[in-house]
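1. Sequence below, structure please.
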Amino acid sequence: MSKRILIVDDAAFMREMLRDLLTEEGFEIAAEAADGDEAVAAYAEYTPDLVMLDIVMPRKSGLEALREIVASDADATVVMCSALGQESLVMEALDAGAKDFVVKPFKPDRAIEVVKKVLQKAD
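-> Presented below is the predicted three-dimensional model:
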């Protein structure tokens, strides 16, 4: 059975790029969300195997969404997506329970490597 992934990013083109990349690798996209509020709701509804979560978003940041998701499910597997220059936010996210991170713009091989590694550890 393929692993189910929730993609969260406020930029539609980033969600589309991740969706294409992940489905080509055989993953199922459980849902997509455009902000932290939608992410928390989608996680509760779909309980995906992994969340690809952007850090900087309107309404509710990825860090806030991460904390809520981890509070509701301590076993949540979350990979943060950050732009260059957001190292302090990435460290804060890792401290809050994120399993790893990828830097935007994505290097497709690196993104898939991180997803596979994190999912393997979660099994």
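2. Only the buried residues of the helix or strand where residue 115 lies, if you could.
-> Per DSSP states H and E: residue 115 is located in helix 108-122. Buried residues in helix 108-122, counting neighbours by 16 or more other Cβ atoms under 10 Å, are found at 111-112, 114-115, 118-119. (C-beta placed from N, C-alpha, C; glycine too.)
3. cool, and stretch 31-45?
-> By 16+ other Cβ under 10 Å, the buried positions in stretch 31-45 come out as 31-40, 42-43.
4. now swap in stretch 13-27 and tell me
-> For stretch 13-27, the neighbour count (16+ other Cβ under 10 Å) marks 14-15, 17-19, 21-22, 27 as buried.
5. Give me the distance from it to the chain's centre.
-> 12 Å (Cα atoms, centre = their mean, to the nearest Å).
6. List the contacts of it.
-> Here stretch 13-27 makes contact (Cβ atoms under 8 Å, 6 or more residues apart in numbering) with 2-5, 7-9, 29, 32, 34, 52, 54, 81, 104, 106, 108, 111-112, 115.
7. ok, now stretch 83-94?
-> 55-56, 62-63, 66, 78, 80, 82, 100-101, 103-104.
8. Give me the contacts around whichever strand or helix holds residue 66.
-> Residue 66 belongs to helix 62-72 when assigned by DSSP H and E. Applying Cβ under 8 Å, 6+ apart, the external contacts of helix 62-72 come out as 8, 36-37, 39-40, 43-44, 51, 53-57, 76, 78, 80-81, 89, 92-93, 96-98.
9. Which of the residues you listed fall in strands?
-> When DSSP state E defines the strands, the subset of those inside them is 8, 51, 53-54, 78, 80-81.
10. Now for those residues, which sits with the most neighbours around it?
-> Highest neighbour count within those, by other Cβ atoms under 10 Å: residue 8, with 31 neighbours.
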